[in-house]
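Participant: Just to be clear, the model below is a prediction. Sequence and coordinates:
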Amino acid sequence: CSASMKKGFLPISLYSYPAGNFSVESRLFVNSHGDVDADAVAYCNVTVRSNLPTTGDAKLVVAIRPYHVNANTGGVKSIRYDKGSMSVTVNDSISVLFDKMPEGFKAAVVSKDGDISATVLREDGKSVNEVLDWLGLASGAVILPMKFSESRRTASMTIRIPLAYGKRGEQLEQLRKFSASAEEAEVTRWWENRLEKAAPRFHLPDKDFENAYYASLAYILISMDKGMLHPGPLAYDYFWYRDGAYMTNALLQAGFADLVKPILQVFMKPQLPTGEFPSIFDINYRGFGPHEWDAQGQALFALAQYYRYTHDKDFVRQFWENIRKAVGFIQSTRKQRLSKAYEGTAVYGILPPSVSAEDLGPGAWHHYDCLGDNSGRYSHLRKELRSFKHPPANPAVPITPASNRVMSHQQAEQKPSPVSGVVDGVQSSSSTH
């Protein structure tokens with residue numbers, strides 16, 4: 001099997017693999033510009049090539065399987081097949097449209113029947129219209145006949161999946177009128193323009209490294225939902241301050257300051273009256289999850305980095321109260337380990353134990369909590385933002401990799417400012433999910 005991305009970095013996935021006397025190629029993409037919109041549709045174009053010397057028939061099987069990441073993600077409780085509309089509906093909400101008439105539909109429940117492939121291969125398996133399983137282990141297979149001849153060596157079909165739930169009837173039929181190739185061409189143009197214009201283009205001797213850089217930027221952008229950064233689409237389909245701070249820093253260094261600005265507005269919304277930033281929040285800005293003390297520092301770090309790259313003091317100043325409350329929360333939390341009971345111990349003056357996604361056992365002290373929440377450095381940040389004594393060296397120069405190198409060289413020759421201290425302090429505390 002071969003897997004790649006169009007032009008090496010665009011978010012259009014290409015797959016190919018041999019299948020006996022045939023070879024199969026598929027192209028998968030979504031006609032959305034990053035943040036999913038109401039009209040977004042996932043397209044999968046499949047081309048089967050016959051290697052037979054004469055006329056032959058084949059069957060293309062499209063399987064729908066559960067992908068159980070956790071109790072709330074990836075389960076399949078129902079699949080309903082409708083021959084008339086050439087479609088199936090998954091969990092009464094997700095429609096899968098075919099542009100060729102299927103031969104039939106077969107079903108299985110993983111816990112009783114095993115994988116759906118075994119059901120498909122059984123000749124006695126009857127075509128059905130639906131499968132239900134309250135545990136979320138239902139699976140199904142749509143079988144599509146394909147015919148080949150000496151003059152017709154390839155056959156293609158397109159699967160369309162609207163990402164907005166609940167589309168019915170005429171709305172679904174309209175989707176079949178859109179050309180998959182035209183949609184792919186539009187998606188290609190949009191992403192090339194977005195990545196190559198906003199992110200300064202550079203060239204590396206190893207093309208794979210160069211492509212990986214741009215592909216990673218595309219991944220950050222396509223994972224956004226309603227202005228929120230998401231570390232991943234499944235189990236991590238929420239917002240983490242730690243991951244968000246890393247990603248905003250990456251976007252700033254790539255030249256996406258215009259995109260980071262609204263993201264930081266989202267950063268501030270879930271802050272609690274106590275000043276604490278909850279480690280995780282959902283699409284409705286509802287905080288939840290364990291206390292992860294570095295969330296405060298990561299939120300402030302993101303603001304500090306934005307100021308460092310843009311010097312947009314008016315934007316940062318509007319969050320002054322958020323900064324003050326967050327620093328106050330860090331200081332009050334740290335006081336829990338400043339009593340005489342902890343004097344002379346290794347944990348005196350650092351933050352209390354917390355629970356983290358990286359823990360494999362009980363919660364314990366985390367060095368990145370303390371580095372990320374270094375309240376002394378953020379006290380300097382407050383003074384820096386209040387006075388703005390250090391103007392940018394040249395505010396008219398756009399932020400690019402080249403100008404970043406110049407700025408870094410200039411800063412190296414000067415005494416570090418309080419803001420650079422904040423940046424250095426937080427960058428030294430790294431953690432990944």
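Facilitator: Yes, it's here. Computed from a predicted structure; not experimentally measured.
Participant: mind showing which ranges of this protein have poor pLDDT?
Facilitator: Along the chain, the parts satisfying pLDDT under 70 run over 33-37, 69-72, 124-125, 166-167, 198-200, 235, 357-433.
Participant: if you set the cut-off to 80 instead, what comes out?
Facilitator: For the chain, residues meeting the criterion pLDDT under 80 lie at 32-39, 54, 68-73, 123-126, 164-172, 196-202, 225-227, 232-237, 289-290, 354-433.
Participant: Just list the residues touching the spatially most central residue of it, thanks.
Facilitator: With distances taken as CA atoms, centre = their mean, residue 223 lies nearest the centre of the chain, 2.8 Å away. Counting by CB atoms under 8 Å, 6 or more residues apart in numbering, residue 223 touches 229-233. C-betas here are computed from N, CA, C, even on glycine.
Participant: how close does it sit to residue 236?
Facilitator: 9 Å (CB to CB, to the nearest Å).
Participant: Now do the shared contacts for these two.
Facilitator: With CB under 8 Å, 6+ apart as the test, residue 223 and residue 236 both reach residue 230.
Participant: correct me, but residue 231 touches residue 243?
Facilitator: Yes: using CB atoms under 8 Å, residue 231 is in contact with residue 243, at 4.1 Å.
Participant: can you give me the helices in the protein?
Facilitator: Taking DSSP state H as the test, the helices found in the chain are 110-113, 116-121, 169-175, 180-193, 207-222, 241-253, 257-268, 294-310, 313-317, 320-334, 367-372, 375-387, 401-413, 418-427.
Participant: to the chain's geometric centre, what's the distance from the first one?
Facilitator: Remark: helix 110-113 is offset 32 Å from the chain centroid, using CA atoms, centre = their mean, to the nearest Å.
Participant: Weed out the non-buried ones from the contacts of residue 223.
Facilitator: Buried subset of those (neighbour count, 16 or more other CB atoms under 10 Å): 229-231.
Participant: Quick check: of the residues you listed, which lies closest to residue 74?
Facilitator: residue 230 (15.8 Å; CB to CB).
Participant: Ignoring the adjacent residues along the chain, who's closest to the closest one?
Facilitator: residue 223 (4.4 Å; CB to CB, 6 or more residues apart in numbering).
Participant: now swap in residue 54 and tell me
Facilitator: residue 150 (6.6 Å).
Participant: And for residue 29?
Facilitator: residue 12 (4.2 Å).
Participant: how close does the closest residue to residue 175 other than its chain neighbours sit to residue 39?
Facilitator: Nearest non-adjacent residue to residue 175, counting by CB to CB, 6+ apart: residue 160, 5.2 Å away. Per CB to CB, residue 160 is found 12 Å from residue 39.
Participant: Between these two, which is the more surrounded one?
Facilitator: residue 160 (22 against 12; other CB atoms under 10 Å).
Participant: can I assume the more buried one is in contact with residue 97?
Facilitator: Yes: using CB under 8 Å, residue 160 is in contact with residue 97, at 4.4 Å.
Participant: Using CSV, lay out the contacts of residue 223 together with distance to residue 143.
Facilitator: Output for the contacts of residue 223, formatted as CSV (distance: CB to CB, whole Å):
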residue, distance to residue 143
229, 40
230, 35
231, 37
232, 32
233, 29
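Participant: So which of those residues is the closest to residue 109?
Facilitator: Using CB to CB, the contacts of residue 223 come closest to residue 109 at residue 233, 25.5 Å.
Participant: out of everything not next to it in sequence, what's closest to the closest one?
Facilitator: In this structure, residue 233 finds its nearest non-sequential neighbour in residue 223, 6.3 Å apart by CB to CB, 6+ apart.
Participant: likewise residue 74?
Facilitator: residue 67 is the one closest to residue 74 (CB to CB, 6+ apart), at 3.8 Å.
Participant: Need phi/psi at that neighbour.
Facilitator: phi -130, psi 80 (degrees, to the nearest 10).
Participant: ok, residue 215 - how many residues close by?
Facilitator: By the measure other CB under 10 Å, the count of residues near residue 215 is 17.
Participant: May I ask you to confirm that it is in contact with residue 4?
Facilitator: No: counting by CB under 8 Å, residue 215 sits too far from residue 4 to count as a contact (10.4 Å).
Participant: Distance-wise, check residue 159 relative to residue 277.
Facilitator: Taking CB to CB, one finds residue 159 at 41 Å from residue 277.
Participant: Look at the two and report which has more neighbours.
Facilitator: Using other CB under 10 Å as the criterion, residue 159 and residue 277 rank with residue 277 on top: 27 against 20.
Participant: Which residues are in contact with residue 20?
Facilitator: Shown in contact with residue 20 (CB under 8 Å, 6+ apart): no residues.
Participant: for residue 106, that is, sorry about that
Facilitator: 116, 119-120, 125-128, 140-141, 143.
Participant: Also residue 184?
Facilitator: 12, 27, 29, 43, 45.
Participant: same deal with residue 68?
Facilitator: Contacts of residue 68 (CB under 8 Å, 6+ apart): 74-75, 136-137.
Participant: What about the contacts of residue 106, which are in strands?
Facilitator: 140-141, 143 (DSSP state E).
Participant: ChimeraX command to pick out the buried ones of the residues you listed?
Facilitator: To isolate the buried subset of those in ChimeraX, counting by 16+ other CB under 10 Å, use the following:
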select :140,141,143
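Participant: Looking at the ones in strands among the contacts of residue 106, spot the one nearest residue 329.
Facilitator: When these are ranked by distance to residue 329 (CB to CB), residue 140 comes first, at 50.5 Å.
Participant: ok, residue 305 to residue 44 distance?
Facilitator: Separation of residue 305 from residue 44 (CB to CB): 38 Å.
Participant: So which of the two has more stuff around it?
Facilitator: residue 305 (23 against 18).
Participant: The residue lying closest to that one once chain neighbours are set aside - how many residues pack around it?
Facilitator: Leaving aside its chain neighbours, residue 305 sits nearest to residue 249 (5.3 Å; criterion: CB to CB, 6+ apart). Neighbour count of residue 249, defined by other CB under 10 Å: 21.
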